[in-house]
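**Student:** build me a structure from this.
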Amino acid sequence: MCFSATASFVSASVLTVAGAISLKSAKKKHQKLFAAIPLLFGTQQLLEGLLWLVLPDASNKEAITTFTLLFLFFAQVVWPLWVPLSVWVYEEDQKRKNTLFIFLIIGIIVSGYLAFCLINYDVVAVAKEHHIQYQLSFIEKIVPISGWLYFVTTVIPPFISTCHRMRILGTIIFLSYLVSKIYFNDYLISVWCFFAAVLSVLVILVVRQVPLGKFAK
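**Tutor:** Residues are numbered from 1 along each chain as shown. The predicted structure follows:
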């Protein structure tokens, strides 16, 4: 599979349109944060597309650093907070909301920690074999813990929701993680974000409550 500036820009365009449709389809206020997910992913993919353009020229150090940090801000800081927050706000069942609130607290901690790391530790983006590898020099002993908690906050909340369609979306995102981890582990941040971004168009089906075959409610 070939990833490139073109792939990033095309996905950014599709996601921007999907995000606009999703937000327009969100008739209730508590759906808005969740409905905005494709739009946020579109912004993230746009940033990686711009990074693809400047990476070949090493003299563009300032631009490379800027786009790297902006992309990682979305990938590392936004999602561990936005996913549990948006699912928590979307949920109407109080018991489920109480459980989701725990994931939201964890997400706030993870997001804050990763923001701290982005500010205080070096990050490098390298284009290799049609992929971008993000090399993060974070606190080595904490990386496995923060990585696990990141996964928990970005993947598990949809499974707790009472919305069946959201659970299906969560399952698909989880499967995309497994594929990324198994086949693209060295480029996990970039590849999984790309897969998750493309798959986020399914948010429209959740918000609009379009039936998803026999699995839909």
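
**Student:** can you give me the strands for this structure?
**Tutor:** Listed from the start of the chain, the chain has strands (DSSP state E) covering 123-128, 131-136.

**Student:** check what pLDDT residue 213 gets.
**Tutor:** Residue 213 carries a pLDDT value of 47.

**Student:** got the strands of the chain as JSON lines, with mean neighbour count, mean pLDDT and distance to residue 37 columns?
**Tutor:** Placement of C-beta: from N, CA and C, glycine included. Written out in JSON lines, the entries for the strands of the chain read as follows (neighbours: other Cβ atoms under 10 Å; pLDDT from 0 to 100; distance: least, Cβ to Cβ, whole Å):
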{"stretch": "strand 123-128", "mean neighbour count": "14", "mean pLDDT": "92", "distance to residue 37": "24"}
{"stretch": "strand 131-136", "mean neighbour count": "18", "mean pLDDT": "93", "distance to residue 37": "21"}
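
**Student:** so which of those gets nearest residue 14?
**Tutor:** Put simply, out of the strands of the chain the one that sits nearest residue 14 is strand 131-136, at 19.6 Å, with distance taken as Cβ to Cβ.

**Student:** name the helices or strands packed onto that closest one?
**Tutor:** Of the remaining helices and strands, those touching strand 131-136 by 3 or more Cβ pairs under 8 Å, 6 or more residues apart in numbering; DSSP states H and E are helix 37-54, helix 61-72, strand 123-128, helix 188-199.

**Student:** angle of it against strand 123-128?
**Tutor:** Using axes from the mean of the first three to the mean of the last three Cα atoms, to 10 degrees, one finds that strand 131-136 and strand 123-128 are set 160 degrees apart in direction.

**Student:** name the nearest residue to residue 188, sequence neighbours excluded.
**Tutor:** With Cβ to Cβ, 6 or more residues apart in numbering as the measure, residue 180 is the residue that lies nearest to residue 188, at 5.6 Å, once sequence neighbours are left out.

**Student:** that neighbour: neighbour count?
**Tutor:** Neighbouring residues of residue 180 were enumerated by other Cβ atoms under 10 Å; the total is 20.

**Student:** wait, what's in contact with it?
**Tutor:** Contacts were defined as Cβ atoms under 8 Å, 6 or more residues apart in numbering; by that measure residue 180 touches 188, 191-192, 195.

**Student:** can you say which of these are buried?
**Tutor:** Restricting these to buried positions leaves 188, 191-192, 195, with burial counted as 16 or more other Cβ atoms under 10 Å.

**Student:** quick one: which of those is nearest to residue 157?
**Tutor:** Nearest to residue 157 among the buried ones among the contacts of residue 180: residue 192, at 16.6 Å, using Cβ to Cβ.

**Student:** which non-adjacent residue is nearest the closest one?
**Tutor:** Here the residue nearest residue 192, using Cβ to Cβ, 6+ apart, is residue 180, at 4.0 Å.

**Student:** so how far is residue 60 from that neighbour?
**Tutor:** Between residue 180 and residue 60 the distance is 28 Å, computed by Cβ to Cβ, to the nearest Å.

**Student:** make a markdown table out of the strands of the chain and add distance to residue 41.
**Tutor:** As requested, these are arranged in a markdown table below (distance: least, Cβ to Cβ, whole Å):
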| stretch | distance to residue 41 |
| --- | --- |
| strand 123-128 | 18 |
| strand 131-136 | 16 |
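
**Student:** since that was my last question, I'll sign off now.
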